[in-house]
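In: this one's sequence-less:
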């Protein structure tokens, strides 16, 4: 039911004002030499509009991996970013060590926390390499499904069942399949 609380012209004017305000590199005198400058300016404008945190624009409903990438991109806009991929990898190694220490402690809650830290750091590393972590993982999921299905078919063709095999036997078949199509 229409309540006529605003006119179409008011909506159009509001959208136009927002575009002009949030794109001073186009409609104003702000210089943005590259996409990173544009993103940095955008975040500063949104903070000036009353946003409490740079991270508040990251939807809570996103899948965890996508959310991690968005969080890291947002933090990067204010300079919270490593300077080299080697530095990021050192952080991955540090988080790996912390996870292994947690495993030794046998504290499930601490293990989960450290596993999350390791995932976050690996996602940061691949993001730093300009790889979409979500897409990379989905490609691997598809590759695993394809190879596992081939393994099942191979075993069934021999009149056997995966459930009757040990890991070493299955791994041998897996490696044969992998050799046949190393890139897929």
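Out: Thanks, I have it. The model shown is predicted, which means the values in this text are computed figures rather than measured ones.

In: what number of residues lie near residue 76?
Out: By the criterion of other Cβ atoms under 10 Å, residue 76 has 19 neighbours. To be clear about C-beta, it is placed using only N, CA and C from the backbone, and glycine gets the same treatment.

In: what's the distance between it and residue 14?
Out: Distance of residue 76 to residue 14, computed by Cβ to Cβ, to the nearest Å: 30 Å.

In: Also residue 125?
Out: From residue 125 across to residue 14, the span is 41 Å (Cβ to Cβ).

In: quick one: which of those two has more around it?
Out: Neighbour tally, residue 125 and residue 14, criterion other Cβ under 10 Å: the higher count belongs to residue 125, 18 against 11.

In: for the more buried one, what are its contacts?
Out: Residues in contact with residue 125 (Cβ atoms under 8 Å, 6 or more residues apart in numbering) are 85, 88, 89, 91, 92.

In: Residue 162 and residue 170 touch, don't they?
Out: Yes. Under the criterion of Cβ atoms under 8 Å, residue 162 makes contact with residue 170 at 6.2 Å.

In: what is in contact with those two at once?
Out: Residues touching both residue 162 and residue 170 by Cβ under 8 Å, 6+ apart: 151, 155.

In: Which of the contacts of residue 125 are buried? Put it as a ChimeraX command.
Out: Applied in ChimeraX, the following selects the buried portion of the contacts of residue 125 according to 16 or more other Cβ atoms under 10 Å:
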select :88,89,91,92
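
In: quick check, nearest of the contacts of residue 125 to residue 143?
Out: residue 92 (22.3 Å; Cβ to Cβ).

In: Check the gap between the closest residue to the closest one other than its chain neighbours and residue 68 for me.
Out: Of all residues not flanking residue 92 in the chain, residue 121 sits nearest, at 4.6 Å (Cβ to Cβ, 6 or more residues apart in numbering). Per Cβ to Cβ, residue 121 is found 10 Å from residue 68.

In: picking that back up, my read: the residue nearest to residue 92 touches residue 90, true?
Out: No. Applying Cβ under 8 Å, one finds residue 121 not in contact with residue 90, separated by 9.6 Å.
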